[in-house]
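[1] Any chance you could fold what I've pasted below:
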Amino acid sequence: MPVSVLRRICCTLLLASSTMVLTACGSQTSWWRINIATLSLDGLTLTAELAFGEPKADGTHCEKVTDTEVVESPSQVILGVRVLNSCAPSFPWDQRNIAGMEYSFPVKLKLKEPLAGRVVLDRESGLPVKVEKSNNEP
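    Below you'll find the predicted structure:
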């Protein structure tokens, strides 16, 4: 095979792999830390409070919940919330200023069985989640 053909193939493969790596940098979802959750009066719903950035002019947030996870056992409940931040820098070296995370955003997580004293853990960190009892039902 001629050297020029091999050179073209190598350049094409290098360009394709670089494009895939750079595309993977932006718009990734991640599991967000849950520090606090409120337990419903019936004990079947935990409302996690996430810290989102300031809403845009149209009332929407840069952050979007893409998935939730509740794993129950007789002794514990593990909560997870996966979030996509569309305003985050697309590439690690992009240093755009991102709005401070200061707005509480509630995410309801349904349990199969009442919490009944089980320990609640955060999926992302493995740390305990502080659970407060609800004073009223919305």
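
[2] Hmm, Thr66 and Val83 touching each other?
    Yes: between Val83 and Thr66 there is a contact at 6.7 Å, judged by C-beta atoms under 8 Å. All C-beta atoms are positioned from the backbone trio N, CA, C, and that covers glycine.

[3] Give me the more crowded residue out of these two.
    A direct count of neighbours by other C-beta atoms under 10 Å for Val83 and Thr66 places Val83 higher, at 19 against 11.

[4] secondary structure element for that one?
    When elements are defined using DSSP states H and E, Val83 is found to belong to strand 76-85.

[5] which residues touch that strand?
    For strand 76-85, contacts defined as C-beta atoms under 8 Å, 6 or more residues apart in numbering pick out 27-32, 34, 37, 46, 48, 50, 62-72, 98, 107, 109, 111, 115, 118-124, 129.

[6] do the same with stretch 104-122
    Contacting residues not belonging to stretch 104-122 are listed as 33-35, 37, 39, 42-52, 61, 63, 65, 68, 70, 72-81, 127-129, 131 [C-beta under 8 Å, 6+ apart].

[7] I'm done for today, thanks for sticking with me.
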